[in-house]
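>>> Output the structure for:
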Amino acid sequence: MANKKPFALRLDEEMMKAVEKWAADEFRSTNGQLEWIVREALKKSGRLPKKKE
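I've put the predicted structure just below:
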């Protein structure tokens with residue numbers, strides 16, 4: 001399992017509510033949803049680091 005680095009993120013209230021709703025709809029935690037969003041954006045842009053074997 002990868003080590004996770006704590007990071008404070010500030011979102012406006014409406015954006016946070018939207019992320020929380022999305023997370024609930026997908027049966028994920030809010031943190032898990034944010035991780036998924038960032039991972040998908042990194043994949044799409046070709047910036048996702050390669051996994052170490």
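>>> quick one: terminal-to-terminal distance for stretch 21-36?
14 Å (CA to CA, to the nearest Å).
>>> Flag every buried residue along the longest helix seen in the chain.
Longest helix in the chain by number of residues (criterion: DSSP state H): helix 30-44. Residues 33-34 are the ones in helix 30-44 that count as buried (16 or more other CB atoms under 10 Å). Placement of C-beta: from N, CA and C, glycine included.
>>> Check what pLDDT Met1 gets.
Model confidence at Met1, expressed as pLDDT, equals 56.
>>> Contact partners for Asp12?
Listed by CB atoms under 8 Å, 6 or more residues apart in numbering, the contact set of Asp12 is empty.
>>> how much space is there between it and Lys43?
26 Å (CB to CB, to the nearest Å).
>>> Please apply the same query to Lys5.
Per CB to CB, Lys5 is found 19 Å from Lys43.
>>> next one: Lys51
Taking CB to CB, one finds Lys51 at 12 Å from Lys43.
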